[in-house]
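Participant: Sharing a model prediction with you, sequence too.
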Amino acid sequence: MATKKTTNNPTDIVDWIDGGSEVSLTTILLGILETILELPWLDTHAGGVFLADAESGHLSLAAQRGFSPQLLTSCARVPYGHCLCGRVAQSEEMLHVCCVDERHDIRYSGMPEHGHYVVPIKSQEQLLGVIVLYVKHGHTFDGHEAEVLENFANLMALQIHTAQFRQDKRLADLILANSAHSLIITNHDKQIQWVNHAFEKVTGYSREEVIGKTPAILRSGRHGGDFYRAMWRDIEEHGLWEGEIWNRRKNGEIYPEWLNIVALKDRYGRILRYAAMFIDLTPVKRAEEKAHRLAYYDTVTGLPNAVLLHERLQALLEDSRQTGANLLLFTLDLDHFKEINASLGRRVGDAILREVARRITGLEKETFAARMGADEFVIVCPCEENDVQKLSTRAGAVASRLHQRLEEFHEFEGQELSLRGTIGVAWGNGRDMDCETLLRCSTIALNHCKRHSRGGYQVHTAEIEQQAEYRHSLDAAIGKAIERDELSLVYQPQVDRNGKVLGAEVLLRWQHAEHGNVPPDVFIAIAEERGAIIEIGQWVLENTLRQMNEWRQACQGEPHCLQRLAINVSPHQLVSENTVQRFTEACERYGFEPEAIELEVTETGLMQNSSQIIDHLHDFAERGFKIAIDDFGTGYSSLSRLRHFPVAILKIDRSFVMNMARDASDAALVKSIIGMAHTLGFQTIAEGVEDAEQFAMLMDYGCDIFQGYFFSRPLSAEDFLAYVVATVEQSSQSGLPPQLAAIDA
C-alpha cells in the first residue's frame, strides 16, 4: 500500500501510483519530453519543461534532458519576459528561432550555436508552463512540426491538471468538498447509503438506482475473486485501500478509475461505514494513447512513422531469420510533390498524402505501409519466394500495382490531380541483413531510379550499390577539389560562318586522385546537392579571366587575340546572394568588360522560373554579360516565352544536330529554331557539330556560330591558343578556314 506524500513544490506533485511506487509529475513530464526528443524528424538534442507561477511571474524548471551545467544554474528560475522562455510565458505564443540572436539573454562561454522551439503549455487560456527544445543551428520552421509540438503541449497540460486533481484527492479534508470526484458512502454491510453528483455522471446510475445496493453493481468482470479478497483484506487490516480498478458504467462501457476506500471505525475499532472516492481515468488513458500515436504514427496520414516502421521491420526480420522467408521492401517517393504543395497549398498537399496512404494500404496480403518523410513512403511485403528471378518478378508485379493505384485520377475540391511516384526495391531476411541495411538498399535503388528513370522502379543490385559508393566518395571529396588542385579547365572553340574563332566554351574537368577523370554530368549534380557549386563556379570564373589575361599578353595585340569566353552557370549560382556583384568585381580585377563573358544557363534551369533567377539574369544583362540558353529544345519551353528573358544567344542541343541528316523532323526543328530565334533577335549556336554534312546543313539554315568535334575537341589553354593561331594563319594563306575549304571542295 502506498503512503501519502505531500509537498509544497509544484514539480513534486505525486501523480501516479504503479505497483506501490509513487511517480511524480516531474517523472511524467520527463517521459513525455524524452518522447519528443526521440522524434527523428525534429533533430533535437536537448530540452526542458518549465512550470508557470503566475503570482510570482516566474517559470520553474521541472524536467530537462541535455541541459549544460550553466543552463541548469541560469534557467532554474526564469522571470516572465526574460530570455526566450520568459518571452513565450509573457506572450503565450509559440516561438521559433534558428540561431542565437539578441533575444537570448542567457549566454555563457563555449555555448554552441543552436536554434529553439519554445511552446507554451496552456489549458483554457491559462498558462501552465513552457516547453523549450534545442535544435540544430539553422533549423527552419515547419508547420507540421509545430502542430505536433502543440499536441504534446496539450498532453502535458492534461497531465499537469490531472496531477493537481490527484493531489487534491489525497487530502482527506477535501474529499467531501471536492465534488469533481465521485463519492460513495456505505454502511458496514457495504450497502450504498449516499453518492454524489460526480458518481451519477461517471457511472450513469442515478442515486435512487443504487441506494441500498452494493458497489458490486459496478464490477467489470476484469478482476477475479483474488483481487477483491486482497483489496478487502487491506481495508480490514489497514483501514484503507488505494489503486487502479476497472469498473462498468450503466451503459455497459468498461472504464478505468483510481479508487480510494477508507473504513470509518468507532473508538472500539468496529467498522461503521466505508467511504469510497474515485476519479475516472479515461481521459488519462486517452492521453496516453494519444502520446503513443504522436510518437509512433504520422499525424497527417495515420500511417506508422519511421520509429514504428523500424520496430516492426526489425521484428519481421527476426522472424524471417528462423523461416528463411524474404521481405520485399518498397520505398516510394512522390514525384513533384513539393511543387504541388507549393502551388496548391498545404491543405491540398495533406489531402494528397492521405489519398496516397489509402491507396498503398492493403496492397498485398500481410503488407504494411509507413510514412518515412515529407513525400516518402515505405511498403513492406512478406514473400515466401527465395529464388532471385521469382523475387524480381514479384517485386515488379507489386511495383506495377503501386503505379497503377497512384496514377488513378484523384479529385479534390474540383481539381483533378494525377499522382506519380518513383520506387526503389530491396529484399532480404534476418539471416543476411538488418533493418537499417534493408532500408538503405531500398533508398539507394530509389535514388538511382530518380536520377535515371524517374516515375519507374528499380531493384537494388550490387552494381547500383557500387555506383552509390562511388557517388558517396565523390560527395565527400567534391568540397576539397579546389583545395587539392584537382580541377582544371579546357576550351572548345566556337567559330562563325566565316570560320573565324570567336571564342570558346569553357568546360570544367575533375581529375580525382582515386577515381580519375569524373564526368561533368556526375560531379556537377553532386556539387549542386552539396552546395559546393557556388565556390566552384566562382573558381571557374576567376580562372577563366586569369587565362584570358594570359592569352591577351601572349597575343600582344594580334588580331587573333580572344575577347570572349562562355562559362556555364548553375541555377544554384543564380539564386545566390551577391552573385552578380561577385562576377562584376572579378571582371574589373582582371581588366575585362562583362561583355567578355557569356553566361550559359540550361533551358531546364531557366524554366524553374524562380523570381531570383530572373532578377539576377536581368542584372547580369544590364551589366553587359551575354546570356545564352544551353541545350535549347530539351526543356519544353517556347521561343515566345524566352523573349521575356534577357537572352542573346540560343545553343541548339547536340541531340538534334546529331540526327539532322537522318531524321527529317530533327532537321525541320533545327531550321525552325534558327528562323524563329533570328526573328526574335537571338543569335544561334549549334553544338555537337561532328561532320561536314551537319555543318553544311546548318550553314544553309543560317546558323550563326558552330561548336563541335568537326572543328576541334576541347583543348588545353596552350593548345587552344595554338589552334587559334593556326586557324588564322591557314585562313590568311588559303582565304578560307579548313572546314569551309572542305565544304567548297
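Facilitator: Everything's here; your move. Numbering: from 1, shown residues only.
Participant: could you measure residue 41 against residue 480, distance?
Facilitator: 30 Å (C-beta to C-beta, to the nearest Å). Glycine gets a C-beta too; all of them are placed from N, C-alpha and C.
Participant: for stretch 476-489, which positions count as buried?
Facilitator: 477, 478, 481, 486, 487, 489 (16 or more other C-beta atoms under 10 Å).
Participant: Find the nearest non-adjacent residue to the third one, please.
Facilitator: What that stands for is residue 481. residue 487 (5.3 Å; C-beta to C-beta, 6 or more residues apart in numbering).
Participant: I figured the one you found hits residue 537, correct?
Facilitator: No. Counting by C-beta atoms under 8 Å, residue 487 stays clear of residue 537, with 11.3 Å between them.
Participant: how about residue 534, secondary structure?
Facilitator: Counting by DSSP: H, G, I helix; E, B strand; the rest coil, the backbone at residue 534 sits in helix.
Participant: In contact with it, which residues?
Facilitator: Contacts for residue 534 (C-beta atoms under 8 Å, 6 or more residues apart in numbering) come out as 572, 573, 576, 579.
Participant: Just the ones of those residues in helices?
Facilitator: Mapping the contacts of residue 534 onto helices (DSSP state H) picks out 572, 573, 579.
Participant: Using a markdown table, please lay out those residues together with pLDDT.
Facilitator: Formatted as a markdown table, the ones in helices among the contacts of residue 534 follow (pLDDT from 0 to 100):
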| residue | pLDDT |
| --- | --- |
| 572 | 86 |
| 573 | 87 |
| 579 | 88 |
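Participant: For those, which single residue is the most surrounded?
Facilitator: For these, neighbours were counted by other C-beta atoms under 10 Å; the highest total belongs to residue 573, with 24 neighbours.
Participant: Distance check, that residue against residue 546.
Facilitator: With C-beta to C-beta as the criterion, residue 573 and residue 546 are 19 Å apart.
Participant: Which parts of the stretch 251-400 of the chain are helices?
Facilitator: Using DSSP state H, counting those that start in this stretch, the helices of the stretch 251-400 of the chain run over 282-296, 306-323, 337-344, 346-360, 388-407.
Participant: for those helices, which one sits closest to residue 727?
Facilitator: Smallest distance to residue 727 across the helices of the stretch 251-400 of the chain (C-beta to C-beta): 47.0 Å, for helix 337-344.
Participant: Could you check that closest one and say which residues are buried?
Facilitator: Using 16+ other C-beta under 10 Å as the test for burial, helix 337-344 gives 337, 340, 341, 344.
Participant: Can you give the contact residues for that helix?
Facilitator: With C-beta under 8 Å, 6+ apart as the test, helix 337-344 has contacts from 348, 349, 352, 374, 375, 415, 417.
Participant: which of these sit farthest apart?
Facilitator: 374 and 415 (20.5 Å).
Participant: Who has more neighbours out of these two?
Facilitator: With neighbours defined as other C-beta under 10 Å, residue 374 and residue 415 compare such that residue 374 has more, 16 against 10.
Participant: what sits against the more buried one?
Facilitator: 337, 338.
Participant: let's go with 7 Å and repeat that
Facilitator: Counting by C-beta atoms under 7 Å, 6 or more residues apart in numbering, residue 374 touches no other residue.
Participant: List the beta-bridge partners for residue 508.
Facilitator: With DSSP bridges applied, residue 508 shows beta-bridge pairing to residue 489.
Participant: Quick check, it in contact with residue 540.
Facilitator: Yes. Under the criterion of C-beta atoms under 7 Å, residue 508 makes contact with residue 540 at 5.8 Å.
Participant: intersection of neighbour lists for those two?
Facilitator: residue 489.
Participant: How about residue 186: which residues does it bridge to?
Facilitator: Beta-bridge partners of residue 186, counted by DSSP bridges, are residue 192, residue 274.
Participant: Buried residues, stretch 256-264. List them.
Facilitator: Within stretch 256-264, the residues scored as buried using 16+ other C-beta under 10 Å are 256, 257, 258, 259, 260, 261, 262, 263.
Participant: how close does the fifth one get to residue 186?
Facilitator: Going back to what we said before, that points to residue 260. For residue 260, the distance to residue 186 equals 14 Å [C-beta to C-beta].
Participant: so where is this protein shaky, pLDDT-wise?
Facilitator: Counting by pLDDT under 70, the chain contains low-confidence ranges at 1-23, 165-179, 414, 556-561, 563, 605-610, 633-641, 731-745.
Participant: From the contact counts, what lies against the lengthiest helix in it?
Facilitator: Counting residues, the longest helix in the chain under DSSP H turns out to be helix 143-170. Judged by 3 or more C-beta pairs under 7 Å, 6 or more residues apart in numbering; DSSP states H and E, the packing partners of helix 143-170 are strand 14-18, helix 25-37, strand 115-123, strand 126-135, strand 271-280, helix 282-296.
Participant: Thanks a lot, catch you later.
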